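[1] below are the sequence and a predicted model for it; my questions follow.
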Amino acid sequence: MCGRDWPARTPPRRTAKHDVLLHLKALHIGFVVAWFAGLFYLPGTCVNLAMVDEGATRERLLLLAEFAGGRGRRGHVWSRFFSEFPVLLLFATAYLAVIKPWSG
């Protein structure tokens, strides 16, 4: 490097304000991804339900909507867990990707 001895670059110190901003950034990423997932999922489901004329397919879509509402064969606790667990996993992933608690 042209014979120069460059000093080693030290990482910036993390302050309390920086930590708060990182937490807000992780929450923002999680909320935006969850919002977009619902934004694209719900209209597609409504269109599929409106376009179907067959009795069997319509019944299947209504059963899916009923299952998503927690009125399926399993209990509401099971439905609540398996519908909200992916969102919690998404928030945990965003938190770990943004905050990087292992890096000190």
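    Done, it's in. Residues are numbered from 1 along each chain as shown.

[2] next one: whichever helix in the chain runs longest to chain centre, how far?
    Assignment by DSSP state H gives helix 16-51 as the longest helix of the chain. On the basis of C-alpha atoms, centre = their mean, to the nearest Å, helix 16-51 is displaced by 6 Å from the centre of the chain it belongs to.

[3] what about it, average pLDDT?
    Taken as a whole, helix 16-51 has an average pLDDT of 85.

[4] go through that helix and flag the buried ones.
    By 16 or more other C-beta atoms under 10 Å, the buried positions in helix 16-51 come out as A26, I29, G30. For the C-beta atoms, the positions are set from N, CA and C on the backbone; glycine is no exception.

[5] list the contacts of the residue most central in space within the chain.
    For the chain, the residue nearest the mean C-alpha position is L90 (3.7 Å; C-alpha atoms, centre = their mean). With C-beta atoms under 8 Å, 6 or more residues apart in numbering as the criterion, the residues that contact L90 are G30, V33, A34.

[6] what strand or helix carries it?
    Of the helices and strands defined by DSSP states H and E, L90 is found in helix 76-99.

[7] then that helix to CSV, C-alphas only?
    The C-alpha atoms that make up helix 76-99 are tabulated as CSV, following Å, rounded to 0.1, in the frame of the first residue of the first chain:
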residue,chain,number,x,y,z
HIS,A,76,-58.4,-21.7,18.8
VAL,A,77,-55.2,-21.9,20.8
TRP,A,78,-53.6,-24.1,18.2
SER,A,79,-54.8,-21.8,15.4
ARG,A,80,-53.6,-18.7,17.2
PHE,A,81,-50.1,-20.2,17.8
PHE,A,82,-49.6,-21.4,14.2
SER,A,83,-50.9,-18.2,12.7
GLU,A,84,-48.8,-15.8,14.9
PHE,A,85,-45.7,-17.9,15.4
PRO,A,86,-44.3,-17.0,11.9
VAL,A,87,-44.7,-13.3,12.7
LEU,A,88,-42.8,-13.7,16.0
LEU,A,89,-40.1,-15.6,14.1
LEU,A,90,-40.0,-12.8,11.6
PHE,A,91,-39.5,-10.2,14.4
ALA,A,92,-36.8,-12.3,16.0
THR,A,93,-35.0,-12.6,12.7
ALA,A,94,-35.2,-8.9,12.0
TYR,A,95,-33.9,-8.2,15.6
LEU,A,96,-30.9,-10.5,15.2
ALA,A,97,-30.1,-9.2,11.7
VAL,A,98,-30.2,-5.5,12.7
ILE,A,99,-29.0,-5.5,16.3
